[in-house]
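Asks: here is a sequence together with a model predicted from it:
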Amino acid sequence: MLYHLLYPLHTIYSAFNVFRYITFRAALAALMALLLSFLLGPYVIRSLAAKQIGQPIRDDGPASHATKAGTPTMGGSLIILALVLSTFLLADITNLYIALAVAVTVGFGVIGFTDDYLKLIRKSSKGLTARTKFLLQLAVAFVAAVILYWVPDFSTVIGVPFFKNVRPDLGLWYVPFAMLVIVGSSNAVNLTDGLDGLAIGPVMIGAGTYALIAYLTGHLKLAEYLQIPYVAGVGELSIFCAALVASGLGFLWFNTYPAQMFMGDVGSLALGAALGIVAVMTKNEILLVIVGGVFVMEALSVIFQVVSYKLRRKRVFLMAPIHHHYELKGWPEPQIIVRFWIISVICSLVALSTLKLR
Ligand code: 57M
């Protein structure tokens, strides 16, 4: 909105020309998102606590989690609010990619919110059934994927990391593929969100990585130079991603160990979906497996654990997802969190190096 209001003024005051630049607007969106989440954070915590919107803790998990009972949850609404407001203010809201990124994030946020809300009023860890939640996720992802499929300029060719000449065109299969990326990413972030700051760190690192990728993908000369697919208009997503990094950072202020609030499903489902849709729209869908390496590791640990238990009646990990395994091995919580963040930084560096290594 600020972009639409202020940029046209450059004909009168040339200083407003600066609003033309994605980099400037991304930095401003980040500052705004950070400010919003800092200012609103204490208020959100107070009102969640006043309404007794606190986390029920399962008693079959690591014993150290018992002390977390009653921690205000649904803090993800703060992240979404800061993200959406700053994106609306500084990005070009007529840009389809921005509209889709916001719509998918909010759509998954609403599913998560419903789940959290049901858990709270029932005062148990049972919200929406897994089946209903999954069907709703598929529905939102389907609408987004079909819209992209119909956009004339949006190609159904996918990018394969490390191979510049391998660019399979999925045609109509692009729709289920994009749905898989969005829904998979959303659920993987949800599984990861089990220790203070554990999920938001890699979300921020992933969003920062995609901010750069979106900028390069939307820049004809840079995309040509790097031999990556060029998608006109996708550069605006850098603003969305920068706002995501900053709203996450503002949330982390309150979610860092010992957490004053959790993001809830409203946060984890929405943020995972946000990364998924950005990966799809920047044509770096498969790269998300590397960028989101921590989320993949967490999801795989659950798959291995469940399959191994079903086939051999034996567990691979003391408990899945893998962060519980390290908790039960006696690693202090902050140690697990920071080490997973470090792994996430390494994953992002590897992912960025694929832009040149191809
Ligand atoms: C949600 N939610 C946290 C909080 C957060 C299939 C199975 C692997 C599913 C998995 C599961 O339910 N995962 C999804 C994980 C919960 O956090 C809330 O949920 C939101 C995210 N959706 O924002 O609102 C708890 O996590 C802790 N937490 C923090 N700090 C944070 O910043 O400490 C969260 C955020 C919170 C708090 O304690 O209450 C959760 O873990 O429930 N299930 C599991 O993870 C369970 N694993 C399991 O059963 N493993 C089995 C099989 C199925 C693989 C096995 O290993 O044999 C464990 N989870 C828990 N207890 N809580 C086991 C026991």
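Replies: Everything's here; your move. Residues are numbered from 1 along each chain as shown.

Asks: near the ligand, which residues of the stretch 251-358 of the chain show up?
Replies: The stretch 251-358 of the chain comes close to the ligand at residues 255, 259, 262-265, 268, 302, 305-306, 315, 319-321, 324, as judged by CB under 6 Å from any ligand atom. For glycine as for every other residue, the C-beta is placed from the backbone atoms N, C-alpha and C.

Asks: so which of those residues are in helices?
Replies: When DSSP state H defines the helices, the subset of those inside them is Asn255, Gly264, Asp265, Ser268, Val302, Gln305, Val306, His324.

Asks: among these, name the buried ones.
Replies: Among these, those scoring as buried are Asn255, Gly264, Asp265, Ser268, Val302, Gln305, His324 (criterion: 16 or more other CB atoms under 10 Å).

Asks: could you dump those residues into CSV with pLDDT added?
Replies: Shown next, in CSV, are these (pLDDT from 0 to 100):
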residue, pLDDT
Asn255, 97
Gly264, 96
Asp265, 97
Ser268, 98
Val302, 98
Gln305, 98
His324, 97
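
Asks: quick check: the two most widely separated of those residues?
Replies: Maximum pairwise distance in these, criterion CB to CB, is 25.9 Å, between Asn255 and Gln305.

Asks: what distance do you get for Tyr225 to Leu216?
Replies: 9 Å (CB to CB, to the nearest Å).

Asks: compare these two (neighbour count), which wins?
Replies: Leu216 (21 against 10; other CB atoms under 10 Å).

Asks: skipping adjacent residues, who's closest to the more buried one in space?
Replies: Leu222 (4.9 Å; CB to CB, 6 or more residues apart in numbering).

Asks: dihedrals phi and psi, that neighbour?
Replies: phi -70, psi -40 (degrees, to the nearest 10).

Asks: just checking, it touches Ile213?
Replies: No - counting by CB atoms under 8 Å, Leu222 does not reach Ile213; the two are 10.7 Å apart.

Asks: neighbour-wise, which of those two wins?
Replies: Ile213 (27 against 15).

Asks: residues contacting the more buried one?
Replies: Thr282, Asn284, Leu287, Leu352, Leu355 (CB atoms under 8 Å, 6 or more residues apart in numbering).

Asks: same thing with Thr282?
Replies: Applying CB under 8 Å, 6+ apart, the residues near Thr282 are Tyr210, Ile213, Ala214, Thr217, Val231, Val234, Leu237.

Asks: quick one: the second one from Thr354, how far?
Replies: This means Ile213. Taken as CB to CB, the span from Ile213 to Thr354 is 10 Å.

Asks: helices or strands next to whichever strand or helix holds Lys221 in the packing?
Replies: With elements taken from DSSP states H and E, the one containing Lys221 is helix 220-226. Judged by 3 or more CB pairs under 8 Å, 6 or more residues apart in numbering; DSSP states H and E, helix 220-226 is in contact with helix 200-217.

Asks: what about Trp331, which SS state?
Replies: Classification of Trp331 using DSSP: H, G, I helix; E, B strand; the rest coil returns coil.
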